[in-house]
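**Student:** Requesting a structural model of the entry that follows:
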Amino acid sequence: MEQAKPKVTKKTIILPLLGILAFVLYIYFFNVDLLGIIETAKQAQPIPYIAAILISFIEILFYSLSWRELLSGLEVKLSLFKSYVFVWYAIFLDILVPAESISGEIARVYCVNREQCGTSGRVVASLVTFRLLSMFMNTFFLLLGAALLFGVSRIDPLVFGIIQFLVIGTAIMLVVFIVISRREAWSIKIINGVLRVAEYLSRGKWELEKVRNDAYDAARAFHSSMKDIMRNPKKLIIPTFYLALNWAASMFIPYLVFISLGYEVSWGVVLVTTSIVIAIKSIPVGIPFEVGLPEIAMTTVYAALGVPA
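**Tutor:** Residues are numbered from 1 along each chain as shown. Got it, this is the predicted structure:
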């Protein structure tokens, strides 16, 4: 299948500028002490700090490899470079656009389908599978971190309550995702419901029959792909391996940052805090630029676990 050649457009210039604007607004509205941060960064040991920065790129590389392997298992071929770029593009939109995490996934569906028309259903299947694997991985690291903390100190009631809530919530979401993935009729009903609302709002002026047929085709491709994955779980081995490396890298980043600042934090604290923050960032509800919600959550949890401000 012939793939579209990458080209520079207005979006290529506008989107990075929006990112810079978002950063400036974040600093302004939250009164971020940028000079204080710079002074603290100057005192950091350069080697572990640079290592943390490099690992952040490696983390996304493993993320891209995992998703790319899922796509490959569904017969959607995507180069490593493009998968890496699409993931960064999705991360940017997750920060910029409300309905965080879902906005990035929609962007990846669009990007891949633009490269290879007619693959949207399989791409959605790869993203749903990736989200399921991520939920399992997040719960595993969260419980591992809690176990490490139980062995050395008493967990703050606030953090313990958050852990319980996230574990139960993740279990419920896993069941919901799996059930929906197995029920094609439910997807058709959802599509029909959305289109009925669109027809009502447009008062019949919109021609939605082609949209309906395309949505049906995508839904059938999605459920067919999900059934294929469930029948062949071996296809998940390599993606899960890369995803585990992605998560391990994400845990090393805050650990190395603390080391660079001369503070040695326990792995239990890092595992629990990172897992909680990632879970919060994956919630499909948000407001533009995230307005620092992950950072607020991270600061609160670290403080509750005894890390000095």
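**Student:** Can you name every helix or strand that whichever strand or helix holds residue 140 contacts?
**Tutor:** Residue 140 is located in helix 120-152, with elements delineated by DSSP states H and E. Applying 3 or more CB pairs under 8 Å, 6 or more residues apart in numbering; DSSP states H and E, one finds that helix 120-152 contacts helix 46-73, helix 102-115, helix 157-182, helix 209-231, helix 237-260, helix 267-281. Backbone N, C-alpha and C define where each C-beta goes, glycine included.
**Student:** give me the number of residues near residue 298?
**Tutor:** 18 (other CB atoms under 10 Å).
**Student:** Pull the contacting residues for it.
**Tutor:** 273, 277 (CB atoms under 8 Å, 6 or more residues apart in numbering).
**Student:** What strand or helix carries it?
**Tutor:** helix 293-304.
**Student:** Give me the angle between that helix and helix 267-281.
**Tutor:** If you take axes from the mean of the first three to the mean of the last three CA atoms, to 10 degrees, helix 293-304 sits at 150 degrees to helix 267-281.
**Student:** and helix 293-304, average pLDDT?
**Tutor:** Regarding helix 293-304, the rounded mean pLDDT is 75.
**Student:** helix/strand/coil for the closest residue to residue 111 other than its chain neighbours?
**Tutor:** The shortest distance from residue 111 to any non-neighbouring residue, by CB to CB, 6 or more residues apart in numbering, is to residue 86 (4.7 Å). Secondary structure assignment for residue 86 (DSSP: H, G, I helix; E, B strand; the rest coil): helix.
**Student:** list the contacts for residue 86?
**Tutor:** By CB under 8 Å, 6+ apart, the residues touching residue 86 are 64, 78, 107-108, 111-112.
**Student:** rewinding a little: would CSV of the helices and strands packed on helix 120-152 with mean neighbour count be doable?
**Tutor:** Shown next, in CSV, are these (neighbours: other CB atoms under 10 Å):
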stretch, mean neighbour count
helix 46-73, 19
helix 102-115, 19
helix 157-182, 14
helix 209-231, 16
helix 237-260, 19
helix 267-281, 22
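**Student:** closest one to residue 96 among those helices?
**Tutor:** Among these, the nearest to residue 96 by CB to CB is helix 102-115 (7.9 Å).
**Student:** For the closest one, what does the pLDDT average out to?
**Tutor:** 83.
**Student:** That helix to helix 209-231, inter-axis angle?
**Tutor:** 100 degrees.
**Student:** Tell me the gap between the helix holding residue 298 and the middle of its chain.
**Tutor:** Mean-position distance between helix 293-304 and its chain equals 18 Å (CA atoms, centre = their mean, to the nearest Å).
**Student:** now that helix against helix 237-260, angle please.
**Tutor:** Using the same axes, to 10 degrees: helix 293-304 against helix 237-260 is 60 degrees.
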